[in-house]
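Colleague: have a look at this prediction, sequence included:
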Amino acid sequence: MRDIQKEYFGNRVLKGVSIRVEPGKIYSIVGENGAGKSTLMNILFGMPVIHNTGGFSGEILMDGNPVRISSPQDAVDLGIGMVHQEFMLLPGFSIAENIKLNREITFPNMVSRLFGSRLQSLDIPAMRRDSRKALDRLGLSTLDEMLPVAGLPVGYMQFVEIAREIDKEKTKILVLDEPTAVLTESEAEVLLATMRRLAGEGISILFITHRLDEVLAVSEDITVLRDGEQVATLKTGEASVSRLAELMVGRKLEAVGCDACAPSPKGDKTLLKIEDLRVDMPGERVRGLDLDVYEGEILGVGGLAGHGKIGIANGVLGMYPAEGKLILDGKELPLNNALEALRSGMAFVSEDRRGVGLLLDESIETNMTVTAMQCQEKFLRRMGISLADGGAIRRHALKMIRDLDIRCTGPEQIVRRLSGGNQQKVCIAKAITLEPRLIFVSEPTRGIDVGAKKIVLDLLVRLNREMGVTVVITSSELAELRSICDRIAIIYNGKLEGVLPPDASDVDFGLLMAGEMSHSRKEAS
Amino acid sequence: MTSAQETRTTQNAVPPIPPTKKKFELAYALRSNAVPLFFLVICVIGAYYSGLSLPFLLNEIVVRMARNSFLVISLIIPILAGMGLNFGIVLGAMAGQFAYFATVNWQIAGLWGFTLTCLLSFPLAVFFGWLTGKLFNSAKGKEMITGIILGFFANGVYQLINLYFMGNLIPIRVPEMLIPGGYGLRNTVDLKIMHYALDNLWKVRISIPGSIMPIVVPVVTIAVIALLCVGMHFLFKTKLGQEFRATGQNRHIAEVSGIQVDKIRILAIIFSTVLAAWGQIIFLQNIGNMNTYGAHVQVGTFAVAAILIGGASVSKATIGQALMGTLLFHTMFIVSPLAGKNLLGNVQVGEYFRVFVTYGVIGVALALHAWQGKAKRKT
Amino acid sequence: MADLENNGLPRESMGERIREVVKDFGIPRFIILGFLILLIVAAKVLGLSMPQLLGSILTRFGMNGILVLAMIPAIQSGTGPNFVLPLGITCGIVAMTLSIELDMTGLSAFLFSAGFGALLAGIAGYFYGVFQNKVKGQEMTVGTYVGFSVVSLMCIFWTLVPFKSPEMIWPYGGSGLRVTITLEKRFAGVLDNLFSFDVMGVTVPTGLLLFFALFCVLTWLYMRSKSGIAMMMVGSNPRFAESAGLNVNRLRVLGSVLSQMLAAVGIVVYAESYGFLQLYMGPLFMAFFAVASILIGGASLKRATVTHAVIGTFLFQSILVVSMPVANLVVADNLADVVRIIISNGIILYALTRKEAGVDVR
């Protein structure tokens, strides 16, 4: 693949990525979520989502010849097999039926001669034979190919997916997208061994992951993607876990600093104490977090995707089931109660702007004010029953639009029509309307273009300096955390790995994000 | 460790799958067939209290199964293709009825008339099925309510055509078909020239000792149904059948695997509509006359209720369930009024009871489907 | 579809505004409006009595309005149009038969029926709401069949209920109530005729319209109240509502309760104006006409306002009223019935197949 560029909604998701894969070699691609790994693979596999959003630029060459891949079928015909992150198995079908999905072996019969090849009968014995061969190649000789997929343990499902790809005779390249994400350690080891064996048979493997130790264990070449850019291509010999982590999170060239930054009014008083927090948020589980938030500070929360940093705020503000202890200003706060959290002076700007943060089909003024209306009784006129106070809502919305410089046609405009950056400002306005003491902001600049990013971050700093609000920012972009935070906490594997000042070295950050502390602690014991 | 040892230990690290136990325990069998068993009990109680003689009852059951099974079986393909209960088979019934209007108009009798009716209904049913399929594709996830409303809508259009266009825009030769006034079909269209066209081909009489009435079995009709069952069985062992099932399990995965999901869905509805058309034609040749404005209306509701009573669900159905359901549903239909009269002194109650059960069964099945869907999404 | 950050235009241009209004209003609604205008012109041309038509329109408008208002709490709370309307309607009918059995007349009979019916409907709506929370995603389909089941179950009830009032039971013995019961001596017309006056030959059923207006105002006030806005939040985005501390399930139940209560009041008003009480299978298809009305008025499956209800009821009933005599003269009778079926179901089909932006397909 050469110089692949891809735009999504005016956001350049991939900015010129080139990869060369040789036969029989394992090639890894690492990067944070949002770095562009999945997009790159979607392009390679001709997924419909790419073509429905404007295609891509750049070229793909197989054996030196340029090829066009406009559908998954094209990719399969060219010998590219893909095992996706989400399982693509039909639970009601047997293993053999899944392996042979849409490539079933058939033989003609009376009816098909009259009405077309679609009505050819399935040759079940032949399908079983082929499936058996594929499974054996993976070392699964004891697995019965007629078992329904529905009851299989997760590790086996992964293997069935791989079996399906290698059953396709033309498969020359196998793409594995985060295959070990759902496996246990021992299952992952079996997978890695299988990958080595397949590579030995001449199949090239593209291994997408963010588990750095696995990358070092199996691959020969590694490409690091960050923010859609190809930051580095190394041979395994030149790489180490910390170097990779550093590359994945490293400093961007333009510092997103804050202008006129007065020193933050933080003291050493603890505003919020989080003890042994466990949050059941699928994909971002928190497994026992202890963290202190000082009054008046801007605290950053960083870490690799899937390690739980997003789960913290969601758990504290009642969006996902949580256990543990919260102490706000000396008083204990109940968990799993969004109302109480809001009423005690906390506010939340969710990472899922469109899904959770906004009522997309309502106006700007409605979005800004209804949360405060419901939990703080604001914007109401009491006349026997509490009616919405249209005038107060309008005035407040106009003020917010002015203060936050929201580009819109007016407070009545439907939020869906705004750009990402302006939508984010509406979400922040919604939080500010609650007049909180403590704001949790998750992924404040995700999906927003560069110009707006700076504005949003400046907003948060102003909130902290001018209004004395304590801010906790959770972000996968370490650079932005380092530019405005007083302290940065790194989360690894659902727990606090460490807290660093923003000017700590890249290596230190890299090590924490790769969990080196935990690893060395484990090795030591 | 050497690499051979490594491979062995890591392979042993993955837990082996326990061999599949043969799940034949009574409790399991009872639980998974709860619905048909429940209705079997109701039917038995109803049959007892209705006071009907066994030969009469058996005869009625045979007759009704022969004329209704085809319609119920037509629901299977859309269920397996993930489109839920196809309330749109009403359009198939209408296609069959339009075909009858033509053959009655041309006064073609007997088996020829019947066969011609089936042939004529085919292109019409394919067209209706295609329209319905396209509509369903625009309302993915809401196919069932769309089918219900489509049935009403189509009924309106059907009435428009038959009340106002028949006899003026569409010439009708047989004056008995039209209402006095020159245009508009009568409430009843007489099908006596094709009455029993299929049934009478070969009737076997089984006499029951101790009773005057023999049980009359229309063999050819049953053979046709059997042929349909064989056909369905065959279909699901072909590539097309596999595509139906894959689409039914997960549209997205099927699409990514290269199956043309939208086309398959439309094809499933076309199959269903055509079968429904022929099913209605078989039904009407047994009845002998057509309630022009009402014969098709309840087709969807009754067939859906029947297949659900047989134990099918919104996402899974077998031929056995369709047949069992037809048996139970129509038995209940026969015995309810008299059972109501004998138990509660009121025939009406019995009739209302069977209507209530019909609607209630569908409501319960739909609720269960939604509830299970929600539970599945949570895990 | 990203606006640029530096979108300098503070206002949309006139042309853009008009295009947006048209797009929001929808082509089918324009078709319906056009059809209505066509009918009115035809009526004029055929020399039909316009004042009589207008009077009929006003009456049917007031008569059906509250049943359409009942759609609003259901749609706003996110459960889709209320296809299980027959539940609340049945409660209203039970209250009315009770009022006859208790020998009530006039305005007090009307108010008793409406009030007691609303009470029963509230309770029924509560239990149904709890049930409905377990079938999220299929509320419309399940509701349709529960509605049908309720109507057929009530048929059994009407056949067995031990009421004695001679107006209701079959004259020559036999158990159960009659299918149609006249309300002439009870409360037929109490609203219609209240304060009614004639202007230019048109009989205006003032009481009826005032009563409908009252409920419109009440509904509007509720939708602007803290609770009504909470309900809107739940229907628009349940996760957003959760993040604001709202109890989604509780508000959905509240939506069900209010919807059924309005349905009960609505059927009492309907019967009062119509002059007859229809038992047994009468309410079977009433939900569909109310759903069609509110959709014609501009509502979607997720959003409905009082304005939608008012406009929709007016458009729908006008077409019915005007089409009947026009059809009788031009084509034949009974066309109106067929037209009603085609239009109402057609509009529901349109709403079902619209790609609602941002709604994930279940």
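Modeller: All right, it came through fine.

Colleague: which residue ranges of the stretch 51-200 of chain B form strands?
Modeller: Taking DSSP state E, counting those that start in this stretch as the criterion, the stretch 51-200 of chain B carries its strands at B:188-190.

Colleague: quick one, helices of it?
Modeller: B:54-73, B:76-80, B:89-105, B:110-137, B:143-160 (DSSP state H, counting those that start in this stretch).

Colleague: and the ones you listed as JSON lines, adding mean pLDDT?
Modeller: Listed next are these as JSON lines, based on pLDDT from 0 to 100:
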{"stretch": "helix B:54-73", "mean pLDDT": "90"}
{"stretch": "helix B:76-80", "mean pLDDT": "96"}
{"stretch": "helix B:89-105", "mean pLDDT": "93"}
{"stretch": "helix B:110-137", "mean pLDDT": "93"}
{"stretch": "helix B:143-160", "mean pLDDT": "92"}
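
Colleague: for residue A:128, find the nearest of the ones you listed.
Modeller: helix B:76-80 (22.4 Å; CB to CB). Using the backbone N, CA and C atoms, a C-beta is placed for each residue, glycine as well.

Colleague: so residue A:302 is in which element?
Modeller: Per DSSP states H and E, residue A:302 falls inside strand A:298-303.

Colleague: list of residues touching that strand?
Modeller: A:249, A:264, A:293, A:309, A:312-313, A:460-461, A:464, A:470-476, A:478, A:481-482, A:484-492, A:497, A:502, A:509, A:513 (CB atoms under 8 Å, 6 or more residues apart in numbering or on different chains).

Colleague: what's downstream of that strand, the next helix or strand?
Modeller: Defined by DSSP H and E, the subsequent element after strand A:298-303 is helix A:309-316.

Colleague: just give me how far that following helix sits from the chain centre.
Modeller: Centroid displacement of helix A:309-316 relative to its chain, using CA atoms, centre = their mean, to the nearest Å, is 14 Å.

Colleague: can you show me the CA trace of it as CSV?
Modeller: Taking only C-alpha atoms (Å, rounded to 0.1, in the frame of the first residue of the first chain), the coordinates of helix A:309-316 have been written out as CSV:
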residue,chain,number,x,y,z
LYS,A,309,-9.4,6.0,31.5
ILE,A,310,-12.8,6.7,29.8
GLY,A,311,-14.6,4.5,32.3
ILE,A,312,-13.6,6.7,35.3
ALA,A,313,-15.7,9.7,34.6
ASN,A,314,-18.6,7.5,33.3
GLY,A,315,-18.5,5.6,36.6
VAL,A,316,-18.3,8.6,38.8
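
Colleague: which strands and helices sit next to it?
Modeller: strand A:270-279, strand A:286-294, strand A:298-303, strand A:322-328, strand A:438-442, strand A:470-474 (3 or more CB pairs under 8 Å, 6 or more residues apart in numbering or on different chains; DSSP states H and E).

Colleague: so which of the ones you listed is the most surrounded?
Modeller: When the helices and strands packed on helix A:309-316 are scored by mean count of other CB atoms under 10 Å in any protein chain shown, the highest mean neighbour count falls to strand A:298-303 (a mean of 27).

Colleague: and that strand, average pLDDT?
Modeller: Averaging the model's pLDDT scores along strand A:298-303 yields 92.

Colleague: related to what we said a few turns ago, what's the closest of the helices of the stretch 51-200 of chain B to chain C?
Modeller: helix B:143-160 (3.5 Å; CB to the nearest CB).

Colleague: buried sites along the closest one?
Modeller: Buried residues in helix B:143-160, defined by neighbour count with 16 or more other CB atoms under 10 Å in any protein chain shown: B:143-159.

Colleague: closest one to residue B:178 among the helices of the stretch 51-200 of chain B?
Modeller: The closest of these to residue B:178 is helix B:89-105. By CB to CB, the value is 10.3 Å.

Colleague: which of the helices and strands packed on helix A:309-316 sits closest to residue A:147?
Modeller: Comparing the helices and strands packed on helix A:309-316 under CB to CB, the one sitting nearest is strand A:286-294, at 32.9 Å.

Colleague: how near is the residue nearest to residue A:275 when sequence neighbours are not counted to residue A:290?
Modeller: Using CB to CB, 6 or more residues apart in numbering or on different chains and skipping residues adjacent in sequence, the residue nearest residue A:275 is residue A:325, 4.0 Å away. Residue A:325 sits 10 Å away from residue A:290, going by CB to CB, to the nearest Å.

Colleague: re earlier: can you lay out the helices of the stretch 51-200 of chain B as JSON lines showing distance to chain C?
Modeller: JSON lines is the format used below for those (distance: least, CB to the nearest CB, whole Å):
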{"stretch": "helix B:54-73", "distance to chain C": "18"}
{"stretch": "helix B:76-80", "distance to chain C": "14"}
{"stretch": "helix B:89-105", "distance to chain C": "12"}
{"stretch": "helix B:110-137", "distance to chain C": "6"}
{"stretch": "helix B:143-160", "distance to chain C": "3"}
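
Colleague: could you dump those into JSON lines with distance to residue B:257 added?
Modeller: Formatted as JSON lines, these follow (distance: least, CB to CB, whole Å):
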{"stretch": "helix B:54-73", "distance to residue B:257": "28"}
{"stretch": "helix B:76-80", "distance to residue B:257": "17"}
{"stretch": "helix B:89-105", "distance to residue B:257": "29"}
{"stretch": "helix B:110-137", "distance to residue B:257": "19"}
{"stretch": "helix B:143-160", "distance to residue B:257": "22"}
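
Colleague: where in the stretch 101-250 of chain A is pLDDT low?
Modeller: Confidence mapping of the stretch 101-250 of chain A against pLDDT under 70 gives the ranges A:227-228, A:242, A:249-250.

Colleague: run through the residues that contact the most centrally placed residue in chain B.
Modeller: Residue closest to the mean C-alpha point of chain B, counted by CA atoms, centre = their mean, is residue B:72 at 2.0 Å. Neighbour list for residue B:72: B:279, B:303, B:306-307, B:310, B:322-323, B:325-326 [criterion: CB under 8 Å, 6+ apart].

Colleague: one more time with 10 Å, if that's ok
Modeller: By CB atoms under 10 Å, 6 or more residues apart in numbering or on different chains, the residues touching residue B:72 are B:65, B:89, B:275-276, B:279, B:302-307, B:309-310, B:312, B:317, B:319, B:321-326, B:329-330.

Colleague: cool, and residue B:47?
Modeller: B:54, B:57, B:61, B:331-332, B:334-335, B:338-339.

Colleague: show me which of those residues are buried.
Modeller: Looks like those have B:57, B:61, B:331-332, B:334-335, B:338-339 buried, using 16+ other CB under 10 Å.

Colleague: so what's residue A:444 closest to, chain neighbours aside?
Modeller: Sequence neighbours aside, residue A:456 is the residue nearest to residue A:444 in space, at 5.3 Å (criterion: CB to CB, 6+ apart).

Colleague: what's the answer for residue C:54, then?
Modeller: In space, residue C:54 comes closest to residue C:202 once its chain neighbours are excluded; the distance is 4.9 Å by CB to CB, 6+ apart.

Colleague: mind listing what's buried in the strand or helix carrying residue C:346?
Modeller: Applying DSSP H and E as the criterion places residue C:346 in helix C:335-353. In terms of neighbour count (16+ other CB under 10 Å), helix C:335-353 has its buried residues at C:335-353.

Colleague: and those near chain A, which?
Modeller: Among the buried residues of helix C:335-353, not one lies near chain A by CB under 10 Å from any CB of the partner chain.

Colleague: before we move on, back to that, any idea how far residue B:218 is from the residue nearest to the centre of chain B?
Modeller: Using CB to CB, residue B:72 is found at 17 Å from residue B:218.

Colleague: quick revisit: list the contacts for the residue nearest to residue A:275?
Modeller: Here residue A:325 is in contact with A:273-277, A:290, A:332-333, A:335 (criterion: CB under 10 Å, 6+ apart).

Colleague: low-confidence ranges, chain C, go.
Modeller: Ranges of chain C meeting pLDDT under 70: C:1-26, C:28, C:173-174, C:330-334, C:355-362.
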